[in-house]
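Trainee: What follows is a predicted protein model with its sequence.
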Amino acid sequence: MRWKKQNTRMGRGSACSGVMGPRGGSAENGVTEPSQRRVGAGLFSLSLLMKRSIFIAFFVSSMPNHVNAQVYLTRDEALRLHLPRAMSVDRKTLYLTDEQVQKIQGKARARVESKLVTYYVGHGSEGVDGYAFLETQILRTMPETFMVVVNPDGSVRAVEILAFYEPKDYLPPKGWLALFTDKRAQSDLWLKRGVQNIVGATLSAQSITEGVRRILAMYELVIPKEK
């Protein structure tokens with residue numbers, strides 16, 4: 001798969017280690033001066049601290065994914081998963097006018113937070129494979145990021161959570177996300193009506209449901225359709 005116009009770079013964390021040189025000082029007849037003993041003790045304690053930090057970092061990185069799983073898929077992994085027939089993926093940017101914002105909000109009954117829209121178009125051998133949109137929302141105090149993939153006919157192909165930083169008790173299950181499959185802008189996409197609520201995770205369910213309505217309205221009203 002060929003990726004075009006990918007501006008976001010995924011960076012790896014780096015660890016820097018410094019080399020500590022010996023301090024000046026002298027010991028005669030095998031007797032260490034008090035200042036040297038303090039320096040030696042300090043270096044020994046620092047060495048233990050560094051080893052302990054390395055051990056903790058190794059332990060945390062070795063934990064199973066479900067222990068500290070906050071990022072489930074990267075953007076590119078999700079695009080490959082849900083645009084399987086795409087030979088290339090183009091990153092598109094659209095600047096909404098005030099009139100377009102009003103139309104989207106009127107149809108979706110959901111607020112448009114930004115006039116800048118970034119989305120992705122997958123192109124396969126037979127034309128457009130699909131359109132993918134990302135949204136990040138703050139739930140209680142922490143963010144969630146999810147992707148909505150729209151078929152060329154305007155129906156939902158998939159809703160996928162990429163990152164979720166609230167407690168897992170509030171994480172919508174995959175079975176619930178599958179309820180949006182084949183839904184359209186004209187569908188009854190309202191929580192506790194056409195979309196089942198999630199007991200104990202109402203804010204999460206509300207956020208994703210509004211996001212799907214907003215994205216479908218945006219796709220129908222303002223997104224240029226490609227062939």
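Mentor: Everything's here; your move.

Trainee: And T97, how far from R214?
Mentor: Counting by Cβ to Cβ, to the nearest Å, the gap from T97 to R214 is 16 Å. Every residue, glycine included, has its C-beta placed from N, CA and C.

Trainee: pLDDT weak spots in the protein?
Mentor: Flagging of the chain using pLDDT under 70 yields the residue ranges 1-69.

Trainee: So which bits of the longest strand that it contains are buried?
Mentor: Identified as the longest strand of the chain according to DSSP state E is strand 127-138. Across strand 127-138, burial judged by 16 or more other Cβ atoms under 10 Å covers 128-135, 137.

Trainee: likewise stretch 74-89?
Mentor: 75, 78-80, 82-83, 86, 89.

Trainee: Just name the closest of those to G194, please.
Mentor: Nearest to G194 among the buried residues of stretch 74-89, counting by Cβ to Cβ, is H82 at 22.5 Å.

Trainee: and E126, what does it touch?
Mentor: Residues near E126 by Cβ atoms under 8 Å, 6 or more residues apart in numbering: R85.

Trainee: what's the domain layout of this protein?
Mentor: Domain assignment for the chain by automatic domain parsing gives 27-62, 75-221.

Trainee: Looking at T97 and R214, which one has more neighbours?
Mentor: For T97 and R214, the more surrounded residue by other Cβ atoms under 10 Å is R214, and the numbers stand at 24 against 10.

Trainee: Quick check, the more buried one in contact with V112.
Mentor: Yes: if you go by Cβ atoms under 8 Å, R214 and V112 touch, sitting 6.7 Å apart.

Trainee: Overlap in contacts, the two.
Mentor: In contact with both R214 and V112: I104, using Cβ under 8 Å, 6+ apart.

Trainee: just the strands in the protein please.
Mentor: 2-4, 88-95, 116-124, 127-138, 143-150, 156-164.

Trainee: any idea which of those strands is most buried?
Mentor: Comparing these by mean neighbour count (mean count of other Cβ atoms under 10 Å), strand 143-150 ranks first with a mean of 22.

Trainee: partners of that strand, with directions?
Mentor: Taking DSSP bridges as the criterion, strand 143-150 sits next to strand 127-138 (antiparallel), strand 156-164 (antiparallel) in its sheet.

Trainee: quick one: contacts of the last one?
Mentor: Right, the one you point to is strand 156-164. Contacts with strand 156-164, where a contact means Cβ under 8 Å, 6+ apart, come from 70-75, 78, 81-82, 130, 134, 143-151, 170-172, 177-178, 180-184, 208, 212, 216.

Trainee: and if we set it to 6 Å?
Mentor: Residues outside strand 156-164 that contact it (Cβ atoms under 6 Å, 6 or more residues apart in numbering) are 71, 73, 78, 82, 130, 144-149, 151, 171, 177, 180-181, 183.
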